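A.B. asks: Build me a model from this:
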Amino acid sequence: MAELSRQEQTELLVLARNTIISYLATAKKDYPLTNNPVFAEKRGVFVTLHRQGELRGCIGYPLPHKPLWEAVVDNAIAASTEDPRFPAVTAAELPEIDIEISVLTVPQKVADYEQVQVGRDGIIISKDFRRGLLLPQVPLKQGWDLEQYFSYGCLKAGLAGDEWKKGVQIETFQALVFNEKELAVKP
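C.D. replies: Model (predicted):
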């Protein structure tokens with residue numbers, strides 16, 4: 001995974017915030033032009049919103065099927081208006097919202113859960129038609145060990161919490177994670 005410079009990370013965070021502001025005002029999606037070839041690379045991307053430290057929305061593409069620039073636009077809108085766990089973000093809330101972006105590597109199958117390292121690896125748990133994804137920063141923020149991480153991954157997939165012990169498909173990925181607070185981007 002090519003690294004993103006601090007300036008590129010800042011540009012993506014500004015893009016995400018401006019996209020949300022514009023979409024809440026007009027209900028129109030806009031892909032502003034960019035000359036940066038890094039932003040044209042297809043990448044898996046998640047946009048996560050926090051309000052006063054609490055999750056407020058998180059939506060993304062685990063696979064690299066869109067250019068990074070477009071994926072950030074799509075998922076900024078989706079995280080703010082389409083996460084089924086939350087009502088849509090309002091313009092009045094925006095000053096209290098902190099945006100985090102996770103740029104993912106391509107998921108790879110692993111044979112054994114013990115190959116997964118908490119804090120480094122995001123996980124995708126699959127069985128039959130059920131699938132659950134947790135970003136690598138989630139277990140760290142929640143204080144989970146490896147078994148708890150897999151239990152919650154199974155629950156996210158709609159499976160029993162111990163299903164990982166009985167046989168599931170495991171994929172891992174890594175992520176470059178950056179946010180407005182750390183980069184002092186927020187207006």
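
A.B. asks: Residue most distant from the centroid, the protein?
C.D. replies: In the chain, counting by C-alpha atoms, centre = their mean, Lys166 sits farthest out from the average C-alpha position, at 27.6 Å.

A.B. asks: neighbouring contacts of stretch 130-144?
C.D. replies: Residues outside stretch 130-144 that contact it (C-beta atoms under 8 Å, 6 or more residues apart in numbering): 46, 48, 58, 62, 102, 118-126, 145, 148-149, 152-159, 173-175, 177. (C-beta placed from N, C-alpha, C; glycine too.)

A.B. asks: Can you list which of the residues you listed are found in helices?
C.D. replies: Here DSSP state H is the test, and the contacts of stretch 130-144 give Gln148, Tyr149, Tyr152, Gly153, Cys154, Leu155, Lys156 as lying in helices.

A.B. asks: The fifth one contacts Lys165, doesn't it?
C.D. replies: In other words, Cys154. No. Counting by C-beta atoms under 8 Å, Cys154 stays clear of Lys165, with 9.2 Å between them.

A.B. asks: Now do the shared contacts for those two.
C.D. replies: Counting by C-beta under 8 Å, 6+ apart, nothing touches both Cys154 and Lys165.

A.B. asks: Comparing these two, which residue is more hemmed in?
C.D. replies: Taking neighbours as other C-beta atoms under 10 Å, Cys154 and Lys165 compare with Cys154 leading, 23 against 13.

A.B. asks: So the more buried one versus Glu93, what's the distance?
C.D. replies: 32 Å (C-beta to C-beta, to the nearest Å).

A.B. asks: where's the worst-scoring helix or strand of the chain on mean pLDDT relative to the chain centroid, distance-wise?
C.D. replies: Every helix and strand of the chain was ranked by mean pLDDT, DSSP states H and E. The lowest is helix 180-183, at a mean of 86. Here helix 180-183 is found 16 Å from its chain centre; the criterion is C-alpha atoms, centre = their mean, to the nearest Å.
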